[in-house]
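no sequence for this one, just the structure:
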């Protein structure tokens, strides 16, 4: 008699674990609880934003007073930079091109670039900077600005900056220069930048990213020119915003609003410098994620040139055109980066030329306070004994042929 396998009492089942009908009810309840938590989080976030807005409006006047006070305390002195013995104004666009590229490569915040340039100019207002150390000071300023206000994972390392400088400086030189910049500025880094004032002006109306990118492009063009070095960031932000809205055919704010109190003279000066901007800056703002601001400016200038040609007076005789045209082009369409006069400026303290540290002074903490017969109010940039001939030859070749005159 063959053995017959008994049939299962509850029917055929592929698993020992059978889902009951009650589990569906539990899943529905868990989903409802999760939905309620998400709604509660959204309500809390909206309540927090509303409280932040109310608090910001309450303290906005105090914040603006403090920002305006700090911008007056952290402005560079153009006259002090003008009497530098080695660095010239035509060298500035080269260094700024390098800083713009480094800033874009590390994807830093816009305010980091403006703060780095401010730290650079303030340092040059107080110290004699050798030509071979100019790029090193710029790297130290960018490093300090990134540590101060940018994201931690995007702060450049000394090794990365050294690689971008083609290993002209040792690791220790970056650290020493960073410390020396901070000591020179008395550790006062909190400079309200153009971007900070721009965000306040943009908060008065609906957000327009194209206007913001255009304003930043105009403000970064101003970094390359001497006449805007000592301009207050609040004035520069409002003037650049007014010019950006004019280019994009946006409505200007009312004169009673904070953003509407711009300086017409600064707007005219900014408009004169839209021609022939830095190629590095133009490529940066030609990208789509920055609203192709540089391309829009080029098209605007072409339209303005066509309008000017249509409204031009009857043609002048060829002889007069040949004499008058170069002067017009030089005044309106030139890059207009100024070249300082040799010892033409006088500092506010009455010192004609800043003292120069001897060439043999050691670059380090121990010799920064080395006594020598110069006034202590204007000490010089520290020096380093290694690779001096190579660095001097590099900067000589880099800055021998100016392109931004």
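Thanks, I have the structure now. What you are looking at is a predicted structure, and each value in this text was computed from that prediction instead of being measured.

so residue 277 sits in a helix?
No. Membership of residue 277 in a helix is not supported by DSSP: H, G, I helix; E, B strand; the rest coil, which gives coil.

for it, give me phi and psi.
Residue 277 adopts backbone torsions of phi -80, psi 180, taken as degrees, to the nearest 10.

distance of residue 270 relative to residue 285?
15 Å (Cβ to Cβ, to the nearest Å). From N, CA and C alone the C-beta is placed, and that goes for glycine too.

what residues of the one helix or strand residue 143 maps to count as buried?
Using DSSP states H and E, residue 143 falls within helix 134-149. By neighbour count on 16 or more other Cβ atoms under 10 Å, the buried set for helix 134-149 is 134-146, 148-149.

do the same with stretch 264-272
266-267, 269-271.

which parts of the chain are strands?
With DSSP state E, there are no strands along the chain.

geometric centre of it: which residue is closest?
The residue lying closest to the centre of the chain (Cα atoms, centre = their mean) is residue 113, at 2.3 Å.

tell me the pLDDT at the residue lying closest to it once chain neighbours are set aside?
Distance criterion Cβ to Cβ, 6 or more residues apart in numbering; nearest residue to residue 113, sequence neighbours excluded, is residue 103 at 4.6 Å. Residue 103 carries a pLDDT value of 95.

next: residue 371.
If you check residue 371, the pLDDT there is 39.

next: residue 339.
So, for residue 339, pLDDT stands at 44.

circling back: list of residues touching the helix holding residue 143?
With contacts defined as Cβ atoms under 8 Å, 6 or more residues apart in numbering, helix 134-149 is touched by 87, 91, 95, 98-99, 102-103, 106, 108-109, 111-113, 115-117, 119-120, 123-124, 129, 154-156, 158, 161, 164-165, 168-169, 173-174, 177-178, 180-182, 189, 381, 395.

stretch 192-203 now?
64, 67-68, 70-71, 74, 109-111, 114-115, 118, 208, 211-212, 215-216, 219, 233-234, 236-238, 240-241, 253, 258-259.

which of these are buried?
Buried positions within those, assessed by neighbour count (16+ other Cβ under 10 Å), are 67, 70-71, 74, 109-111, 114-115, 118, 208, 211-212, 215-216, 219, 233-234, 236-238, 240-241, 253, 258-259.

in helices, which of those residues fall?
The helices, defined by DSSP state H, take in 67, 70-71, 110-111, 114-115, 118, 211-212, 215-216, 219, 233-234, 236-238, 240-241 from the buried ones among the contacts of stretch 192-203.
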